[in-house]
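> compute the structure for the input listed below.
(one chain, ligands or ions: 3)
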Amino acid sequence: MAASQDKIALEMLDSEKIPKHIAIIMDGNGRWAKEKGLPRTLGHRQGMEALERTVEASMDLGVKYLTLYAFSTENWKRPKEEVGVLMNLLIEFVDKKINELNKKGVKVVHIGSKENVAGKVEKKICYAESLTQNNDKMVLNLAFNYGSRQEIARAAQIIAAKAALGETKAEEITEETVEKYLYTAGMPDPDLLIRTGGEMRISNYLLWQIAYSEFWVTKKYWPDFAKEDLWQAVYDYQKRSRRFGGLDE
Ligand code: IPE
Ligand code: IPE
Ligand code: MG
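Ligands and ions are numbered 1, 2, ... in the order given. Predicted coordinates:
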């Protein structure tokens with residue numbers, strides 16, 4: 001859990017130790033709405049505001065990769081109406097925000113499967129990716145129709161196909177080979193993984209990539225997540241000792 005702290009200020013952060021890659025499980029939209037007597041879908045809409053704030057605050061901190069869990073491969077189990085709203089929100093997000101993100105130098109990358117995704121949604125994602133492909137201020141990975149097990153199984157399929165063609169041999173397959181066929185190929189692993197909504201689980205997110213990520217959970221629901229919460233997470237992260245299986249210096 002997040003440590004209870006006095007009020008956090010930007011000056012409290014060590015600018016030399018900003019996480020290069022932050023991944024977030026944006027959870028709690030439904031409970032946020034329910035507690036207010038509102039439909040769940042309004043929670044998702046409000047969550048978009050938090051998303052915008054967080055992108056901005058991450059850029060201001062100098063974060064280079066921000067990976068946001070927007071829709072999991074398991075979220076298809078939800079009522080059709082809710083799934084529809086989430087799909088439409090993605091379209092709306094691209095329509096309303098992509099020019100601004102592009103101006104700021106954000107490169108949008110889709111991580112996840114295109115399977116089951118409607119053509120109009122896929123088109124928007126492709127548009128956002130191609131418009132922003134040459135930007136280099138920050139990479140915004142949208143984990144959409146993303147499931148980590150699907151990602152790893154897909155990598156295995158690609159590697160097996162290469163082996164069948166004689167392009168690689170079983171004994172040549174290393175951790176680097178697997179990494180190369182993940183959606184996040186070539187990107188650094190997340191340094192910090194944030195989950196809102198208080199659940200202490202990973203929910204099929206970045207299983208390979210978070211091997212040594214620092215985990216930070218807040219009970220706050222995603223629509224209430226403020227830049228100060230991001231600062232607090234980074235502040236706590238900076239106090240941790242990352243050993244990667246070794247010993248402290
Ligand atoms: C996270 O909020 C958004 C998505 C999973 C798309 P939830 O919709 O899971 O909200 P809770 O967890 O039910 O409160
Ligand atoms: C994880 O949240 C997925 C996203 C935030 C998109 P869920 O609400 O789907 O996770 P569970 O079901 O509580 O594990
Ligand atoms: Mg949830």
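
> please enumerate the helices of the chain.
When assigned using DSSP state H, the helices of the chain occupy the ranges 29-35, 40-61, 80-104, 119-132, 148-164, 175-180, 227-239.

> so for the last one, mean pLDDT?
Looking at helix 227-239 alone, the average pLDDT works out to 98.

> so Trp231 touches Glu11, yeah?
No - if you go by Cβ atoms under 8 Å, Trp231 and Glu11 don't touch, sitting 9.9 Å apart. The C-beta positions use only the backbone N, C-alpha and C, and glycine is treated the same way.

> indicate the residue of this protein located nearest to ligand 2.
Ser203 (3.6 Å; Cβ to the nearest ligand atom).

> contact partners for His21?
For His21, the residues meeting the contact criterion (Cβ atoms under 8 Å, 6 or more residues apart in numbering) are Val63, Lys64, Tyr65, Leu66, Thr67, Met187, Pro188, Asp189, Pro190, Asp191, Leu192.

> coming back round to it: any idea how far the residue of the chain closest to ligand 2 is from Val63?
With distances defined as Cβ to Cβ, to the nearest Å, the gap from Ser203 to Val63 amounts to 22 Å.

> give me the more crowded residue out of these two.
Neighbours were tallied for Ser203 and for Val63 using other Cβ atoms under 10 Å; the higher tally belongs to Val63 (22 against 14).

> contacts only, for that one.
Ile18, Pro19, Lys20, His21, Ile22, Met138.

> can you do 10 Å?
When the contact criterion is Cβ atoms under 10 Å, 6 or more residues apart in numbering, the partners of Val63 are 18-22, 54-55, 57, 138-139, 191-192, 230, 234.

> export the helices of the chain as TSV, with columns for distance to Ile111 and mean neighbour count.
As requested, the helices of the chain are exported to TSV (distance: least, Cβ to Cβ, whole Å; neighbours: other Cβ atoms under 10 Å):
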stretch	distance to Ile111	mean neighbour count
helix 29-35	20	19
helix 40-61	15	19
helix 80-104	14	16
helix 119-132	11	16
helix 148-164	8	15
helix 175-180	13	12
helix 227-239	21	19
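
> from ligand 1, how far off is the residue lying farthest from the centre of the chain?
The outermost residue of the chain, judged against the average C-alpha position, is Gly166 (35.1 Å), by Cα atoms, centre = their mean. Applying Cβ to the nearest ligand atom, to the nearest Å, the value for Gly166 to ligand 1 is 42 Å.

> how about Glu81?
13 Å.

> quick check: pLDDT value at that residue.
At Glu81, the predicted lDDT confidence score is 97.
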